[in-house]
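Novice: with the sequence up front, the predicted model follows.
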Amino acid sequence: MPDLLDPTAVGAELRRNLTGGPPPDDLVDRIGGWDAIRVLAPTLVDEPLLTVAISLLARDAARADAIGADLTPIQPAAAALAEAVLGSKDPLQFAQNIDTICADAVLAKMIGQRVATKCLSLAVPPRADGDDPPQAAVIRHAVALEAVARLAVQGLASKNKLLGVLEDVSEPQPRRYAQAVVRTVGLAFDHWTIDDDVADVIDILTGVRPPAYQSAPEPDVLARNDEYHRDIAPDAMWTKANVEVARALRSAQKEELLDRISAALDALEIVTTLDDRDDAAMLRSALRLVHSLLRSLTGMTTPQDATNWQASLTEAEQITRQAGQFAIGAYGLNHWSGDRKAAVLRGWNRLTDDLAWLRDQLTRDSLYEAAVILDDVLAIYSASRSYDVTRNSHGAETVIKVLRPSIAGGIAYRFGLLRNLSDHADHLRKRITATVASGDDASALHARLATAEAVLTSARAGIAEAGEPPGKPQQQAADIPPLLAELFSPYPMLMASLASHDPIDLAELAADLADRQAAADPDPDVTVTSVRKQMLAALSTSEDFSGDVVPAVGIVLDQLIKFVARRLNTQKSTKAYLFKADADEQDLHNDLYDWLSQGQLASSTNVEVHEVGAGRTDIQITFATFHIYLELKADGTAVPIAEKAAYIKQTVSYQASDVRIGFLVVLRLKNPKDKSPSLHLTELVSHTVVEIQGNPVARHVVMLEVPGNQTSPSSVH
């Protein structure tokens with residue numbers, strides 16, 4: 001073992017143990033422990049070995065954190081390595097090591113505040129009074145600014161001090177630093193509610209606003225300014241467009257929303273002229289359509305018929321074609337990001353499906369149709385502008401919708417609720433038709449539809465009006481559910497009209513809308529995402545888990561996990577069967593089918609399909625070239641589902657000529673003996689593999705349990 005106080009010996013030992021493959025698990029112990037790393041760190045400034053040491057720190061700290069070990073012994077070495085990184089003059093090494101620290105949640109928590117403090121002093125504009133710095137300095141200043149921004153989002157740096165740096169940008173800057181500025185502006189509008197003048201720095205970078213020099217600048221300074229203007233223009237205008245979209249989606253009034261969309265279109269026109277960017281071209285096309293739809297309604301006392309829209313259906317068709325050919329780009333922020341492809345493609349597919357549908361529905365309420373498209377654009381914008389700033393990971397589950405919560409009071413959010421309300425009414429009409437055709441009593445459904453239609457009529461009329469001025473205090477009637485109150489919040493007169501409806505009917509309607517929101521909402525939930533990752537990891541060993549099957553199984557899994565999560569929190573007043581000791585499989589069947597009919601799988605969900613695996617499956621979900629089957633059961637025993645061999649065998653029997661992945665959903669009327677009285681979502685979703693005799697390929701089943709025979713919290717003693 002080397003002398004702990006001799007950094008030369010420690011460094012030599014570290015190099016000797018680096019053989020080209022992954023570092024040994026006990027490498028730190030071999031070279032003398034973390035105290036040896038602490039002693040070695042000051043000698044590593046601008047040395048290639050510093051990057052190795054930072055990677056080693058990230059690996060071992062993450063392992064310790066994962067098992068709940070105390071990180072205190074690592075802290076002095078981590079601080080010493082951070083100082084070495086901050087002292088690096090090599091811009092590439094500085095950038096790589098800062099990225100490792102910011103992207104690793106454990107490291108950021110350990111040394112993020114120290115790094116942010118030092119980077120804040122370095123994040124200032126590298127160019128001052130026309131003097132052009134060397135490129136190495138530009139890179140270090142840019143990386144420092146981005147580091148402070150990333151750490152501020154994680155709560156490890158001051159947001160106000162970060163925005164203060166942007167205020168210090170008083171003249172055009174070299175491209176790399178200017179990129180960091182516009183990226184920080186975009187991040188600020190995505191993550192925080194901030195003053196609009198934060199975006200003014202973009203005008204300085206692009207030359208819209210002239211710099212204020214103390215004396216007349218020399219010709220070479222003016223020439224360099226022009227060069228910097230041209231260099232940053234595409235990135236700056238892309239950020240400006242997205243800032244305007246963020247402002248539009250947060251607008252409380254239609255007129256303001258139109259103005260913001262117009263400003264975004266102006267910026268996108270510049271981007272598409274200067275640069276060949278499919279993302280900008282598609283966003284511009286979609287915003288043009290939205291702007292035309294909304295402009296058609298301006299000044300109208302009643303919704304204008306869709307045949308009079310100021311919208312080009314030719315352009316709508318062009319968007320559809322573009323979406324089919326679209327190669328997902330970097331969306332202007334090509335770092336700090338997870339893989340957003342699946343989420344963005346789903347958004348464009350949803351938009352193009354709606355546009356195709358609108359071409360055949362030119363007599364419906366045009367305001368509602370505008371709501372449909374605006375909600376689509378919101379979903380696409382959120383997915384394409386959102387990114388995981390805390391860690392490096394992949395998969396659609398890393399998409400963090402940071403924008404949606406911040407627009408809760410805006411018109412776009414109410415448009416989304418209006419869409420859900422209208423879709424729910426359509427769903428009830430279809431259920432009534434099917435119920436009457438089967439000879440069953442549809443009176444309860446008629447009552448629910450009457451309430452939904454009355455509220456929908458009021459909502460459409462309300463959103464067509466100007467609404468109350470922003471900031472005017474609103475009062476919510478005590479018996480109006482919060483979800484409906486959000487829809488009517490700017491319209492107190494209409495809010496009062498809801499009081500004439502039966503509170504129970506309104507509560508049921510609000511619960512239905514909440515289900516529809518949850519079924520269609522792509523926003524990740526921490527627990528749901530964790531369970532989803534575990535199940536996908538388990539399914540990845542299936543021979544059939546490849547190609548188109550992967551996203552299909554992911555969608556079905558999402559819907560079912562969300563269903564179980566939602567039913568864990570559903571009240572007796574809206575889903576009484578969950579609190580009945582004698583509930584049966586049909587109760588679960590009706591509820592789950594309703595749920596699936598409201599989300600992404602609405603058009604592909606079938607019930608009671610015959611001649612599948614020589615039997616009749618409960619629910620079949622159809623995809624282009626295959627099916628996925630759901631088997632439903634109600635169980636009154638305390639036997640764990642994993643031991644219910646008959647249920648599992650029946651589930652895999654439907655896979656005889658299809659994808660060998662299925663789902664078993666069980667209504668548990670009695671808690672299993674091996675589980676705690678208070679069940680958690682992670683305990684209710686599991687996976688098993690079934691070996692079939694004579695068949696080398698195993699079958700996979702995801703098992704989900706819906707707690708039944710529940711007791712309301714107020715009844716627990």
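Specialist: Perfect, thanks for sending it.
Novice: drop to CA atoms for contacts and neighbour counts, all remaining ones
Specialist: Noted.
Novice: report pLDDT for the closest residue to Val564 other than its chain neighbours.
Specialist: Distance criterion Cα to Cα, 6 or more residues apart in numbering; nearest residue to Val564, sequence neighbours excluded, is Val706 at 5.7 Å. Note for Val706: predicted pLDDT of 92.
Novice: do you know the pLDDT at Ser55?
Specialist: 90.
Novice: can you tell me the closest non-neighbouring residue to it?
Specialist: Per Cα to Cα, 6+ apart, closest to Ser55 is Thr100, 7.5 Å.
Novice: if we can go back for a sec, contacts only, for the residue nearest to Val564.
Specialist: Contacts for Val706 (Cα atoms under 8 Å, 6 or more residues apart in numbering) come out as Val564, Arg567, Leu568, Val665, Val666, Leu667, Arg668, Leu684.
Novice: tell me how many other residues crowd the first one.
Specialist: Think Val564. 21 (other Cα atoms under 10 Å).
Novice: so the residue nearest to Ser55, which state does it fall into?
Specialist: helix (DSSP: H, G, I helix; E, B strand; the rest coil).
Novice: mind listing what's buried in stretch 687-695?
Specialist: His687, Val689 (16 or more other Cα atoms under 10 Å).
Novice: need the contact partners of it.
Specialist: By Cα under 8 Å, 6+ apart, stretch 687-695 touches Met535, Ala538, Ala642, Val652, Val697, Ala698, Arg699, His700, Val701, Val702, Met703.
Novice: next: stretch 505-519.
Specialist: 420-421, 424, 448, 451-452, 480-481, 483-484, 559, 562-563, 566, 573-574, 595-596, 598-600.
Novice: again, but for stretch 431-443
Specialist: Contacts for stretch 431-443 (Cα under 8 Å, 6+ apart): Leu445, His446.
Novice: quick one: distance of that stretch to the chain centre.
Specialist: Stretch 431-443 sits 38 Å away from the centroid of its parent chain (Cα atoms, centre = their mean, to the nearest Å).
Novice: likewise for stretch 567-583?
Specialist: 30 Å.
Novice: what ranges do the helices span in the stretch 551-700 of the chain?
Specialist: 585-596, 645-653 (DSSP state H, counting those that start in this stretch).
Novice: now the first one: average pLDDT?
Specialist: Read that as helix 585-596. Here the average pLDDT along helix 585-596 is 88.
Novice: name the residues of that helix that are buried.
Specialist: Leu588, His589, Asp591, Leu592, Tyr593, Asp594, Trp595, Leu596.
Novice: could I get these as CSV with distance to Ala157?
Specialist: Output for the buried residues of helix 585-596, formatted as CSV (distance: Cα to Cα, whole Å):
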residue, distance to Ala157
Leu588, 49
His589, 50
Asp591, 47
Leu592, 45
Tyr593, 47
Asp594, 46
Trp595, 42
Leu596, 43
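Novice: can you tell me the strand partners of the one helix or strand the residue nearest to Val564 maps to and which way each runs?
Specialist: Val706 is located in strand 699-707, with elements delineated by DSSP states H and E. Note on strand 699-707: by DSSP bridges, its sheet partners are strand 661-668 (parallel), strand 685-690 (antiparallel).
Novice: okay, how far is it across stretch 653-667, tip to tip?
Specialist: 20 Å (Cα to Cα, to the nearest Å).
Novice: who touches that stretch?
Specialist: Contacts of stretch 653-667 (Cα under 8 Å, 6+ apart): 542, 544, 549, 584-585, 588, 612-615, 617, 626-635, 647-648, 651-652, 698-708.
Novice: can you turn the buried part of those into a PyMOL selection?
Specialist: A single PyMOL command selects the buried members of the contacts of stretch 653-667 (16+ other Cα under 10 Å):
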select buried, resi 542+544+549+584+588+612+613+617+627+628+629+630+631+632+633+634+635+647+648+651+652+698+699+700+701+702+703+704+705+706+707+708
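Novice: circling back: mean pLDDT and distance to Phe94 added to the strands paired with strand 699-707, as TSV?
Specialist: Listed next are the strands paired with strand 699-707 as TSV, based on pLDDT from 0 to 100; distance: least, Cα to Cα, whole Å:
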stretch	mean pLDDT	distance to Phe94
strand 661-668	92	47
strand 685-690	91	44
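Novice: other SSEs contacting the longest helix along the chain?
Specialist: Among the segments of the chain that qualify as a helix by DSSP state H, the longest is helix 219-249. Where contact means 3 or more Cα pairs under 8 Å, 6 or more residues apart in numbering; DSSP states H and E, helix 219-249 is packed against helix 175-191, helix 200-206, helix 254-274, helix 411-437.
Novice: with mean pLDDT as extra columns, can I get those helices in CSV?
Specialist: As requested, these are exported to CSV (pLDDT from 0 to 100):
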stretch, mean pLDDT
helix 175-191, 87
helix 200-206, 89
helix 254-274, 83
helix 411-437, 76
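Novice: quick revisit: lowest-confidence entry in the contacts of stretch 687-695?
Specialist: Lowest pLDDT among the contacts of stretch 687-695: Val697, 82.
Novice: ok, it - contacts?
Specialist: Here Val697 is in contact with Glu543, Glu691 (Cα under 8 Å, 6+ apart).
Novice: can you name every helix or strand that whichever strand or helix holds Lys118 contacts?
Specialist: Assessed by DSSP H and E, Lys118 sits inside helix 105-122. Packing partners of helix 105-122 (3+ Cα pairs under 8 Å, 6+ apart): helix 48-66, helix 75-86, helix 91-103, helix 135-153.
Novice: go through those helices and pick out the most buried.
Specialist: helix 135-153 (a mean of 23; mean count of other Cα atoms under 10 Å).
Novice: who's in contact with that one?
Specialist: Contacts for helix 135-153 (Cα under 8 Å, 6+ apart): 89-91, 94-95, 98-99, 102, 108, 112-113, 116, 119-120, 122-126, 157-159, 162, 174, 176-181, 183-184, 187, 191, 389-390.
Novice: mind giving me the PyMOL select for those residues, buried ones only?
Specialist: A single PyMOL command selects the buried members of the contacts of helix 135-153 (16+ other Cα under 10 Å):
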select buried, resi 90+91+94+95+98+99+102+108+112+113+116+119+120+122+123+124+125+126+157+158+159+162+174+176+177+178+179+180+181+183+184+187+191+389+390
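Novice: that older thread, so how far is the helix holding Lys118 off the chain centroid?
Specialist: With Cα atoms, centre = their mean, you get 26 Å for helix 105-122.
Novice: Serialize the helices of the stretch 551-700 of the chain to CSV and add fields for distance to Glu167.
Specialist: Output for those, formatted as CSV (distance: least, Cα to Cα, whole Å):
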stretch, distance to Glu167
helix 585-596, 49
helix 645-653, 62
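Novice: quick one: buried residues of stretch 636-649?
Specialist: Within stretch 636-649, the residues that count as buried by 16+ other Cα under 10 Å are Gly636, Ile641, Tyr647, Ile648.
Novice: CSV for these, including pLDDT?
Specialist: Putting these into CSV (pLDDT from 0 to 100) gives the following:
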residue, pLDDT
Gly636, 89
Ile641, 87
Tyr647, 91
Ile648, 90
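Novice: and the helices in the stretch 401-550 of the chain?
Specialist: Going by DSSP H, counting those that start in this stretch, the stretch 401-550 of the chain shows helices at 411-437, 443-464, 482-488, 492-497, 503-520, 526-539, 549-567.
Novice: quick check: which of the ones you listed is nearest to Thr206?
Specialist: helix 411-437 (30.3 Å; Cα to Cα).
Novice: okay, the strand holding Val706 in PDB with CA atoms only?
Specialist: What follows is strand 699-707, C-alpha atoms only, in PDB (Å, rounded to 0.1, in the frame of the first residue of the first chain):
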ATOM      1  CA  ARG A 699     -44.000 -16.800 -21.300                       C
ATOM      2  CA  HIS A 700     -44.100 -13.600 -19.200                       C
ATOM      3  CA  VAL A 701     -46.900 -12.300 -17.100                       C
ATOM      4  CA  VAL A 702     -47.200  -8.900 -15.300                       C
ATOM      5  CA  MET A 703     -49.600  -9.300 -12.300                       C
ATOM      6  CA  LEU A 704     -51.400  -6.300 -10.900                       C
ATOM      7  CA  GLU A 705     -53.600  -6.300  -7.800                       C
ATOM      8  CA  VAL A 706     -56.500  -3.900  -7.200                       C
ATOM      9  CA  PRO A 707     -57.300  -3.600  -3.500                       C
END
